[in-house]
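Participant: below: sequence and its predicted model.
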Amino acid sequence: MTIHELIQGSPEWLAFREEHFGASEAAAMMGLSKKTTRNELLHLKHTGNSKEFSAWVQENILDHGHAVEALARPLVEELIGEELYPATCSEGKLSASCDGLKMDETIAFEHKQWNAELARSVAAGVLPEEHIPQCQQILLVTKAEKLIFVVSDGTRASFVYMWVYPDGDYWVRLMAGWQQFEEDLAAYVPPEVVIAPVGRTPETLPALHIEVQGMVTASNLEAYRDHALAVFKGINRELSTDQDFANADKIVKWCGDVEERLAAAKQHALSQTESIDALFRAIDDISAEARATRLELDRLVKGRKEQVRTEIVTKAKQALASHVLAMNERLGADLMPTVGADFEGVIKGKRTVDTLQNAADTELARAKIDASSIADRIQKNLCAVPAEHAALFPDLRHIVTKACDDFAALVQNRVTEHQTREAAKIEAQREAIRQEEVAKLAQQTAQAAPAPAPIPALPVTHGDVVSLMPATVRQAMAPRAVSIAPTLKLGVISERLGFTVTADFLASLGFEAYIDRSAKLYRESDFPLICRALIEHIESVCELQAA
């Protein structure tokens, strides 16, 4: 942790905040802030506009109640029995502006102005979700043992607190969230600035003037009709922006007003004459067009709004699918599971394009963080699989997302079981060879002696069999001097066996080396006999140990 000597609110402090990800911004980054959306924070961080940034800081931080905080600090110091000092700290790109920190940095202090709802929650020992990111980031940056979270108005009467402790799992979420935020910030393109839409109706229609005295004595209805129909035809039916929707909503109401005014004019005319077909036809034409326009626009508004919602959700799903594909490319195989994201749920109840987009973007960021976390876990698990035992994991795709500890235990179990099976196979092969050698010796004995002595019903070893052979057979099996010169080196024997043997050890088995200067040599014909002697030696040691 690095402590920076900065005065809160100073230009240097504001510049520091622009270059770091602050604890007070963590809730917005995670989409949990009630004051600032994630997209708004992206825009502020991207623009770096000092006036815009300062205004946000002023509203969300500096106006947070420093005066009340100063009054509350002595009460907290009295409570913990230690002095506190404000501090601006950082750990890499993460930062935290602490309302107070003990000199030994073991306790941090965070203060919020008195709010009845927040106070009730804190008094009950429940920290609202909106405040968890800030508290955990303070603990992450300062490495304090605990944080005292206080809600007060600076007096003892209105003062509640609770202790908040470090949460390692939440720290992982925070760091992953900021990593994704930094990636989104690098790719951020500011949207076009649009003035808040205000609905407008078409130009005002001229006043309708009708006088009836047994007949139509004066009327501008024909001109009124032509003008009104032209206005209706000129109404925009292509809806894409919040401005378009606002206009359409207002026109729907305006068309209803036109219908009402025409109905009133018609009723007024009826009160003056019984039947004037031309007048009524004109009124009916205008009224019908107003009604048709109202219904059409109302249908368009509802349909287009649903279409916009679908487009936003579809785009978010495609972005998540692309991110998952990138994770699979990083892993080198299609190992990523389905990553859940409730885009339809998060946009429910949102009315404007901006709020719809922010809700979808925030959910997309959360899902990307989950996907990256899963990919990291898969990567670590892949490294735990020994390359020589890859064939033991045909179901890798279904198990590689396990928790790393569980996966490591599974790998160890499978490898151990495999090694046990292989060892059993090797032992079976060795036993078959031993039995084959015993059978060969017995056959040779039977051929050399017409009446061999009975073989005792005891465990048979090579030495037992040889001792039971007639002297003539033993003499025939004894090593004979041959004219072939010894050329087999001791090192070559060890290499063939796969383990090191010494000349002294071979001598103990009855094979003396031929010394040629510094080299110890054996005849090539000795090698099979050495192997058999080794087998007999190992078996006898095993039987002795078992006994």
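Facilitator: The structure has been received and is ready for your questions.

Participant: please count neighbours and contacts with C-alpha atoms only from this point.
Facilitator: Noted.

Participant: where along this protein do the strands fall?
Facilitator: Secondary structure of the chain (DSSP state E): strands at 2-4, 21-22, 84-91, 94-102, 107-113, 146-152, 159-164, 210-212, 216-219, 488-489, 514-516, 519-522.

Participant: residues making contact with the last one?
Facilitator: The one in question is strand 519-522. Where contact means C-alpha atoms under 8 Å, 6 or more residues apart in numbering, the residues beyond strand 519-522 that reach it are P486, T487, L488, K489, L490, A503, E512, A513, Y514, I515.

Participant: tell me the centre residue of the protein?
Facilitator: Centroid-nearest residue in the chain, with C-alpha atoms, centre = their mean: D370, separated by 1.7 Å.

Participant: any chance of the strands of the chain in a markdown table, plus mean neighbour count and mean pLDDT?
Facilitator: As requested, the strands of the chain are exported to a markdown table (neighbours: other C-alpha atoms under 10 Å; pLDDT from 0 to 100):
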| stretch | mean neighbour count | mean pLDDT |
| --- | --- | --- |
| strand 2-4 | 13 | 89 |
| strand 21-22 | 22 | 92 |
| strand 84-91 | 20 | 91 |
| strand 94-102 | 23 | 92 |
| strand 107-113 | 23 | 94 |
| strand 146-152 | 21 | 96 |
| strand 159-164 | 18 | 96 |
| strand 210-212 | 16 | 65 |
| strand 216-219 | 12 | 71 |
| strand 488-489 | 18 | 88 |
| strand 514-516 | 13 | 83 |
| strand 519-522 | 18 | 87 |
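
Participant: show me the contacts for V308.
Facilitator: So V308 contacts S240, V353 (C-alpha under 8 Å, 6+ apart).

Participant: ok, V400 next?
Facilitator: L335, I378, N381, L382, F407.

Participant: just checking, the first one touches A326?
Facilitator: Yep, that's L335 we're talking about. No. Counting by C-alpha atoms under 8 Å, L335 stays clear of A326, with 11.4 Å between them.

Participant: could you report the neighbour count for A547?
Facilitator: By the criterion of other C-alpha atoms under 10 Å, A547 has 6 neighbours.

Participant: same check, this time on I80
Facilitator: So I80, with other C-alpha under 10 Å, has 13 neighbours.

Participant: remind me which residues of the stretch 51-200 of the chain are low pLDDT?
Facilitator: Counting by pLDDT under 70, the stretch 51-200 of the chain has low-confidence residues at 51-64, 192-200.

Participant: for it, which segments count as helices?
Facilitator: 66-80, 116-123, 132-142, 168-186 (DSSP state H, counting those that start in this stretch).

Participant: turn the ones you listed into JSON lines, columns for distance to E495.
Facilitator: Formatted as JSON lines, those follow (distance: least, C-alpha to C-alpha, whole Å):
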{"stretch": "helix 66-80", "distance to E495": "72"}
{"stretch": "helix 116-123", "distance to E495": "74"}
{"stretch": "helix 132-142", "distance to E495": "56"}
{"stretch": "helix 168-186", "distance to E495": "51"}
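
Participant: figure out which of these is closest to C98.
Facilitator: With C-alpha to C-alpha as the measure, helix 132-142 is the member of the helices of the stretch 51-200 of the chain nearest C98 (7.2 Å).

Participant: quick one: residues contacting the closest residue in space to F109 that isn't next to it in sequence.
Facilitator: Nearest residue to F109, sequence neighbours excluded (C-alpha to C-alpha, 6 or more residues apart in numbering): G100, at 4.6 Å. Going by C-alpha under 8 Å, 6+ apart, G100 touches R73, L84, Y85, P86, A87, A108, F109, E110.
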